[in-house]
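Peer 1: model this:
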Amino acid sequence: MSLAQPKRILVIKLRHHGDVLLSTPVVDAIKQHFPECEVDMLVYQETADIIRDNPQISQIFTIDRQWKKQGLGKQFKHEKDLFRQLKARQYDWAFNLSDQWRAAIIAKFCSKCSVGFNCIKRDNAAWRWCHDFLNPDMGTTKHIVETHLGILPPLIRPEDLSNAKVRMSIAPDVRNSMEQKLREQGWQGEDYVLLHPGARWLFKCWEDGKNAALVQLLLNHGHNVVLAASPSPVEHDMIEAILGRLKIPEGGKVWVLSGCLTLRELAAAIDRAKLFIGVDSVPMHIAAALDKPQIALFGATWLGIWHPYSLNAEVIWAGDYTDLPHPDSINTNNPERLLKAIPLEEVWNRVSAKLEKIDQTGTHAATE
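Peer 2: Numbering: from 1, shown residues only. Got it, this is the predicted structure:
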C-alpha cells in the first residue's frame with residue numbers, strides 16, 4: 001500500500017469541542033476519496049463525545065489533560081502507552097491540525113508522512129523537522145473548515161475538496177435517552193423550537209430579558225419551546241432568569257433540559273427540533289453539522305472564521321448594530337453581554353419568517 005493509496009490515516013485535533021467537530025470535513029474528504037482507508041482521530045478526552053458516533057472514524061484516541069496532575073511518573077506512563085498504541089497502527093499519513101509540540105512529535109514518529117500548518121508561533125527548524133509538509137495557516141481569511149481542509153494537499157487536490165462536510169452522527173440509543181428525559185416532563189412527541197442561550201463565555205450571550213421575550217413570543221404564536229443549557233451554574237441561572245419572566249399561555253408548553261444532557265443527547269435534542277436558536281457556541285456548530293434550520297446570534301469573535309457552516313443557518317451579527325471590540329482584544333472573563341445591541345424585533349422577525357417557511361415545507365424532520 002503506497003502513500004498515494006493510504007491504508008490508515010491519523011487526524012490530530014487537540015482543541016475544544018467545536019474545533020474537533022469542525023475538523024470532521026478532513027475525515028469526510030479522506031473517506032470520499034479513499035473509502036477503504038481507516039481514519040483515526042486523536043483528541044482531548046473531554047471532546048471525544050462530539051465524534052463518538054461518527055461512522056467514518058475507525059478509532060478515537062484521547063489525551064486526558066488531567067494526566068499532568070497525576071505526577072511525572074504517571075503522566076509519562078500514559079503518554080508512553082498512547083504512543084505505543086498509535087505507533088502500532090502504522091499510519092501512512094498523519095494530519096496535524098494542532099499547534100502543540102506533543103501533536104507534532106506524534107505525527108512525526110507515528111506515521112510515514114506527516115503534514116501540519118506553518119504556524120507563526122512555531123516558525124522554527126524543529127517544527128519544520130516534525131512535518132514532511134507544512135501548509136500555510138489561512139488565519140482570518142477563511143472559515144476554520146476551509147483552513148482545516150487546506151491541510152490535505154498533497155494527498156488530495158484542493159479542487160477535489162468542495163464536497164467535504166461537517167459530520168455529526170447520533171446513535172439510536174442516544175436519541176432514545178434524550179426523548180425519555182423529555183417524556184418525563186410530559187412531552188408526547190410535539191414539535192418544538194430549541195433555544196440554547198448560553199455559551200462558555202458570557203460576552204457571547206444575549207440578554208436574559210430579550211431571550212425571555214423571544215420565548216414569550218414563540219409561545220404566544222403557538223410554538224412549543226425547549227430551553228437547553230450545559231451543566232454550568234451560570235447557564236442554569238440564565239435558564240432560571242428566562243423562566244421567571246414567562247407567562248405561559250393556556251396550551252403553551254416549555255420543557256427544560258438544563259444540565260441533564262450529555263453532549264450527544266444535546267445533539268439529539270437539536271436534531272429533533274424544528275428550529276434551533278443559539279449563539280456562537282458548540283450547540284450552534286452541532287446544529288449546522290446536522291443541517292438544522294437555525295438562527296444564530298453572533299458577536300465579537302471572528303465571524304468569517306466561526307460562523308455556522310451551513311446554508312440552513314441565518315446569522316444576526318451584533319456588529320450591524322454597534323461597534324464591537326476587535327476579536328483579538330476580548331477579555332473572555334468580561335461578563336458584559338456583547339450581543340445586547342441586537343434588537344428583539346430583528347430576531348423575532350427572522351425567527352417567525354424561518355418558522356413560517358419550515359411549517360410550509362415540513363423540512364424540520366429529525367435526521368435518522
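
Peer 1: Can I get the lowest-mean-pLDDT helix or strand in the chain as CSV, trimmed to CA atoms?
Peer 2: Using mean pLDDT, DSSP states H and E, strand 133-136 stands out as the lowest-scoring helix or strand of the chain, at a mean of 90. Taking C-alpha atoms only, strand 133-136 is exported to CSV below (Å, rounded to 0.1, in the frame of the first residue of the first chain):
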residue,chain,number,x,y,z
PHE,A,133,4.8,19.1,4.5
LEU,A,134,3.7,22.4,6.0
ASN,A,135,0.7,24.1,4.5
PRO,A,136,0.0,27.8,5.2
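
Peer 1: Leu42: what's it in contact with?
Peer 2: For Leu42, the contacting residues are Leu10, Val11, Ile12, Lys13, Leu14, Ile60, Phe61, Thr62, Ile63, Leu86, Ala103, Ile106, by Cβ atoms under 8 Å, 6 or more residues apart in numbering. Heads up, the C-betas are built off the backbone N, CA and C, glycines and all.

Peer 1: which residues are in contact with stretch 211-222?
Peer 2: 193, 195, 197, 225, 227, 238, 241-249, 251-252, 254, 277, 344, 347-348, 351-352.

Peer 1: Pull out the buried positions in stretch 330-344.
Peer 2: Within stretch 330-344, the residues scored as buried using 16 or more other Cβ atoms under 10 Å are Ile330, Arg337, Leu338, Leu339, Lys340, Ala341, Ile342.

Peer 1: whoops, stretch 182-199 was the one
Peer 2: Leu182, Trp187, Tyr192, Val193, Leu194, Leu195, His196, Pro197, Gly198, Ala199.

Peer 1: Check stretch 9-21 too.
Peer 2: Ile9, Leu10, Val11, Ile12, Lys13, Leu14, Arg15, His17, Gly18, Asp19, Val20, Leu21.

Peer 1: chain center to it: distance?
Peer 2: 10 Å (Cα atoms, centre = their mean, to the nearest Å).

Peer 1: again with stretch 213-223
Peer 2: On the basis of Cα atoms, centre = their mean, stretch 213-223 sits 27 Å off its chain's mean C-alpha point.

Peer 1: Kindly report the same for stretch 58-73.
Peer 2: 22 Å.

Peer 1: what's in contact with that stretch?
Peer 2: 8, 14, 38-46, 48, 51-52, 74-75, 78-79, 82, 85-86, 89, 102.

Peer 1: from these, which ones fall inside strands?
Peer 2: Counted as lying in strands by DSSP state E, out of the contacts of stretch 58-73, are Arg8, Glu38, Val39, Asp40, Met41, Leu42, Val43, Tyr44.

Peer 1: could you turn the helix or strand hosting Ala287 into CSV, dropping everything but the C-alphas?
Peer 2: Assigned by DSSP states H and E, Ala287 belongs to helix 282-289. Output in CSV follows, covering the C-alpha atoms of helix 282-289 (Å, rounded to 0.1, in the frame of the first residue of the first chain):
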residue,chain,number,x,y,z
VAL,A,282,-20.8,24.3,20.3
PRO,A,283,-24.6,23.8,20.0
MET,A,284,-24.6,26.3,17.1
HIS,A,285,-22.0,24.2,15.3
ILE,A,286,-23.8,21.0,16.1
ALA,A,287,-27.0,22.5,14.6
ALA,A,288,-25.0,23.4,11.5
ALA,A,289,-23.5,19.9,11.2
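
Peer 1: on contacts alone, who are the packing partners of the helix or strand following that helix?
Peer 2: Counting by DSSP H and E, the next helix or strand C-terminal to helix 282-289 is strand 294-298. Packing partners of strand 294-298 (3 or more Cβ pairs under 8 Å, 6 or more residues apart in numbering; DSSP states H and E): strand 275-279, helix 282-289, strand 313-317, helix 344-361.

Peer 1: deepest of the ones you listed, which one?
Peer 2: By mean neighbour count, with neighbours taken as mean count of other Cβ atoms under 10 Å, helix 282-289 ranks first of these at a mean of 28.

Peer 1: which residues touch it?
Peer 2: Contacts for helix 282-289 (Cβ under 8 Å, 6+ apart): 16-18, 21-22, 24, 50, 165-168, 196, 228, 263, 266-267, 270, 276, 278, 294, 296, 308-310, 312-313.

Peer 1: Which of those residues fall in strands?
Peer 2: Reading strands off these with DSSP E, I get His196, Ala228, Phe276, Gly278, Gln294, Ala296, Ala313.

Peer 1: What is the most widely separated pair among these?
Peer 2: Using Cβ to Cβ, the ones in strands among the contacts of helix 282-289 reach their maximum pairwise distance at Ala228 and Ala313, which is 17.2 Å.

Peer 1: Okay, now the unreliable bits of the stretch 251-368 of the chain?
Peer 2: In the predicted model of the stretch 251-368 of the chain, residues 363-368 satisfy pLDDT under 70.

Peer 1: quick revisit: tilt between the helix holding Ala287 and strand 275-279?
Peer 2: Interaxial angle of helix 282-289 relative to strand 275-279 (axes from the mean of the first three to the mean of the last three Cα atoms, to 10 degrees): 140 degrees.

Peer 1: quick revisit: how about CSV for the buried residues of stretch 330-344, with distance to Gln360 and secondary structure added?
Peer 2: Shown next, in CSV, are the buried residues of stretch 330-344 (distance: Cβ to Cβ, whole Å; DSSP: H, G, I helix; E, B strand; the rest coil):
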residue, distance to Gln360, secondary structure
Ile330, 40, coil
Arg337, 34, coil
Leu338, 34, coil
Leu339, 29, coil
Lys340, 33, coil
Ala341, 31, coil
Ile342, 26, coil
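
Peer 1: And these, which two are furthest apart?
Peer 2: Longest span within the buried residues of stretch 330-344, Cβ to Cβ: Ile330 and Ile342, 17.0 Å.

Peer 1: so of the buried residues of stretch 182-199, which ones are in strands?
Peer 2: Val193, Leu194, Leu195, His196.
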